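J.: kindly return the folded structure for what I paste below:
(chains A and B)
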Amino acid sequence: MAQKPSIPKGTRDFNPQEVAKRNYIFNTIRSQFEIFGFQPIETPSFENSDTLMGKYGEEGDRLIFKILNSGDYLSKVKDELYQIKDSNKITSSISEKALRYDLTVPFARYVVQHQNEIDFPFKRYQIQPVWRADRPQKGRFREFFQCDADVVGSNSLWQEVEFVQLYDAVFTALGLHGVTIKINNRKILSGIAEVIGAQDKLIDFTVALDKLDKIGEAKVKEEMLSKGIPQSGIDTLQPLFSLSGDFGTQVSELKSILETSEEGKKGIEELEFINTGIETLGLETATLQLDVTLARGLNYYTGAIFEVAAPEGVTMGSIGGGGRYDDLTGIFGLKDMSGVGISFGLDRIALVLEDLGLFPVTITNTVKVLFINFGEAEAMASMKAVKALRTHGVSAELFPDKKKTIKQFNYANKRDIPFVVLLGESELASNTYTLKNMGSGEQQQVSLEQLISALQ
RNA sequence: GUGGUUGUAGCUCAGCUGGUUAGAGCGUCGGUUUGUGGUACCGAAAGUCGCCGGUUCGAACCCGGUCUUCCACCCCA
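T.: As a prediction, this is how the structure comes out:
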């Protein structure tokens, strides 16, 4: 080994066991998506830069992986641009493509580009990797999978109700019980900002509010003051900081704060609709919780905002998120197209399931039966049986070399192969097969027909 | 992007204040005679001590840079 090979930070290799576990999650999510009526699409790994740039805010732009142009890209840079050495400005002239940052913006692009072939409302799901030039941490990678389901072309709040049901269905199917689906509404946040006279400081206000459970009431107020939110406004917020109790009590508190805000009242109405729907339909294992401090993805959400927290006791960032964006496709020129969707963070879900030991034991896929190799004639006979088994849908293989049987048995063990067949001289003579169950150690002499039926 | 942290055989880690051939457990491989494992015994291989440079008579150990790990911000799945 001349040089130790490595992979870029924030990326990972997956061994067969890990792939099996990940596929288990993929399959579970996919089947729930389809049960709920979503259809799959796929989009390219990279897009034109102008499709992505500016869609995720300044912070987002920084985290987008840019792809260097091919050829002699520097020759196309204007001299004066080159002289001032401003990376941001030069980037646009040396990079015209960028890696997909999420699945929502490419989906919006897709909808606009294919609007004439799509029947609205369009329910699509998409399970693909995305890339972010972020600094890795636990549960935070530079290449990771998102599993998105979105509906575009419907304003109905039933969609929001459905998505809460979908979250519940997926996490229930994965055996991950007790997740909290937090819900909030952009209109409520805007309403509050309006009431306290900080409409123009909505982002600052929500960013500060979002930190409530992390840094505490006093520091949040401090931050709000420093951002120029008046003390009088903060005082009107007082009930907000001690908001607790069930959905109903929280909502009535909110109502009193938002009396004077039309938008705020609209937000409350929406929340109540969704909550009533969920209360009537019920949830299997998840809990729906109103969280007015929830303020993720505010760049484009306009209505409901969702975030899923892992069950208590697990330290992990959110394992899912989503919301309503009234003007999803507007940036690409298609007006009045409301979208709402949710996302599952596959990689984080995998970490949580691993932590809690919730992966089923049977998911590692291995071959069902291994034939011991005793030599040329025996191998040929074995291959015939292997072929017969395969046509009956039984995964089977012959150990390729005539090694000591102890080695061959060890190999079967390590690969967790449940059955071994010995086909040697004596079996050949009697036209039988010795089938050994590696779990129990039992073995029996059987005919080919019995072998097939025993393994099917 | 800011601040911190980590990096020694395939894996988990030892390695005293810089001093001769860098260690252990697990794993791997081979053997314990010929067709039987997962649990025995014997033996072996395997490390440019992340990488580059510096200080020193001498560096795994000190200094600088760089990459990587994890963490806190930021942001997010």
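J.: quick one, what contacts the closest residue to RNA strand B within the stretch 301-450 of chain A?
T.: Residue nearest to RNA strand B within the stretch 301-450 of chain A (C-beta to the nearest atom of the strand): A:Gly424, separated by 2.5 Å. Using the backbone N, CA and C atoms, a C-beta is placed for each residue, glycine as well. Going by C-beta atoms under 8 Å, 6 or more residues apart in numbering, A:Gly424 touches A:372, A:374, A:378, A:434.
J.: from these, which are also near RNA strand B?
T.: A:374, A:434 (C-beta under 7 Å from any atom of the strand).
J.: just the mean pLDDT for stretch A:224-235, thanks.
T.: Averaging pLDDT along stretch A:224-235 gives 81.
J.: do the same with stretch A:172-179
T.: Mean predicted lDDT for stretch A:172-179 stands at 94.
J.: show me what counts as buried in it.
T.: Buried positions in stretch A:172-179, judged by neighbour count with 16 or more other C-beta atoms under 10 Å: A:172-174, A:176, A:179.
J.: okay, and which of the contacts of A:Gly424 map to strands?
T.: In this view, the contacts of A:Gly424 that belong to strands under DSSP state E are A:Thr434.
J.: just the contacts of A:Gly424 now: which is nearest A:Ser318?
T.: A:Ile372 (50.5 Å; C-beta to C-beta).
J.: wait, doesn't that closest one sit right on A:Glu427?
T.: No: using C-beta atoms under 8 Å as the test, A:Ile372 is too far from A:Glu427 to be in contact (10.4 Å).
J.: these two: which has the busier surroundings?
T.: Neighbour totals were compared for A:Ile372 and A:Glu427, and A:Ile372 leads with 23 against 19 (other C-beta atoms under 10 Å).
J.: so which residue is dead centre in chain A?
T.: Geometric centre of chain A, nearest residue: A:Gly345, 2.5 Å, by C-alpha atoms, centre = their mean.
J.: can you tell me the closest non-neighbouring residue to that one?
T.: A:Ile319 (5.1 Å; C-beta to C-beta, 6 or more residues apart in numbering).
J.: if we can go back for a sec, between the contacts of A:Gly424, which sits nearest A:Ser31?
T.: Using C-beta to C-beta, the contacts of A:Gly424 come closest to A:Ser31 at A:Ile372, 38.1 Å.
J.: from A:Asn410, how far off is the closest one?
T.: 12 Å (C-beta to C-beta, to the nearest Å).
J.: tell me the helices and strands packed up against the helix or strand bottoming out on mean pLDDT in chain A.
T.: Sorting the helices and strands of chain A by mean pLDDT, DSSP states H and E puts helix A:79-84 at the bottom, at a mean of 72. When contacts are defined as 3 or more C-beta pairs under 8 Å, 6 or more residues apart in numbering; DSSP states H and E, helix A:79-84 packs onto helix A:87-94.
J.: quick check: next helix or strand after the helix it packs on?
T.: Later in the chain than helix A:87-94, the nearest helix or strand by DSSP states H and E is strand A:97-99.
J.: all strands of the stretch 51-200 of chain A, in order?
T.: A:66-67, A:97-99, A:122-131, A:143-152, A:180-185 (DSSP state E, counting those that start in this stretch).
J.: among these, which comes closest to A:Thr91?
T.: Of these, nearest to A:Thr91 by C-beta to C-beta is strand A:66-67, at 6.0 Å.
J.: elements contacting that closest one?
T.: Packing contacts for strand A:66-67, counted by 3+ C-beta pairs under 8 Å, 6+ apart, involve strand A:97-99.
J.: neighbouring contacts of the strand it packs on?
T.: The contact list for strand A:97-99 (C-beta under 8 Å, 6+ apart) reads A:45-49, A:52-53, A:64-67, A:69, A:130-131.
J.: in the residues you listed, find the pair that's most separated.
T.: A:Asn69 and A:Val130 (22.0 Å).
J.: in the stretch 201-350 of chain A, which spans are strands?
T.: Under DSSP E, counting those that start in this stretch, the stretch 201-350 of chain A gives strands at A:287-290, A:304-309, A:320-325, A:339-345.
J.: quick revisit: list the contacts for the residue nearest to A:Gly345?
T.: Going by C-beta under 8 Å, 6+ apart, A:Ile319 touches A:179, A:308-310, A:344-345, A:348-349, A:352.
J.: now swap in A:Ile268 and tell me
T.: So A:Ile268 contacts A:185, A:188, A:251, A:254-255, A:258 (C-beta under 8 Å, 6+ apart).
J.: one more pass at 10 Å, please.
T.: A:185, A:187-188, A:191, A:251-252, A:254-255, A:257-258, A:261 (C-beta atoms under 10 Å, 6 or more residues apart in numbering).
J.: could you do A:Thr260 as well?
T.: A:191, A:194-195.
J.: ok, back up a step: kindly reformat the buried residues of stretch A:172-179 as a markdown table containing distance to A:Arg12.
T.: Formatted as a markdown table, those follow (distance: C-beta to C-beta, whole Å):
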| residue | distance to A:Arg12 |
| --- | --- |
| A:Thr172 | 28 |
| A:Ala173 | 25 |
| A:Leu174 | 21 |
| A:Leu176 | 21 |
| A:Val179 | 24 |
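J.: what pLDDT does A:Leu298 get?
T.: pLDDT recorded at A:Leu298 is 66.
J.: that older thread, sort out for me which of the contacts of A:Ile268 are in helices.
T.: Among the contacts of A:Ile268, the ones falling in helices (DSSP state H) are A:187-188, A:191, A:251-252, A:254-255, A:257.
J.: if I look at the nearest residue in space to A:Tyr167 that is not next to it in sequence, how far off is A:Ala169?
T.: Counting by C-beta to C-beta, 6+ apart, A:Ile181 is the residue found nearest to A:Tyr167 once chain neighbours are left out, at 5.3 Å. Separation of A:Ile181 from A:Ala169 (C-beta to C-beta): 12 Å.
J.: anything in contact with each of these two?
T.: Common contacts of A:Ile181 and A:Ala169, defined by C-beta under 10 Å, 6+ apart, comprise A:283, A:286.
J.: follow-up on the earlier one: reformat the ones in helices among the contacts of A:Ile268 as TSV; add pLDDT, distance to RNA strand B and neighbour count.
T.: Below are the ones in helices among the contacts of A:Ile268 laid out as TSV (pLDDT from 0 to 100; distance: C-beta to the nearest atom of the strand, whole Å; neighbours: other C-beta atoms under 10 Å):
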residue	pLDDT	distance to RNA strand B	neighbour count
A:Lys187	92	18	24
A:Ile188	91	17	27
A:Gly191	90	20	25
A:Val251	87	25	18
A:Ser252	87	29	11
A:Leu254	88	22	24
A:Lys255	88	27	13
A:Ile257	86	24	22
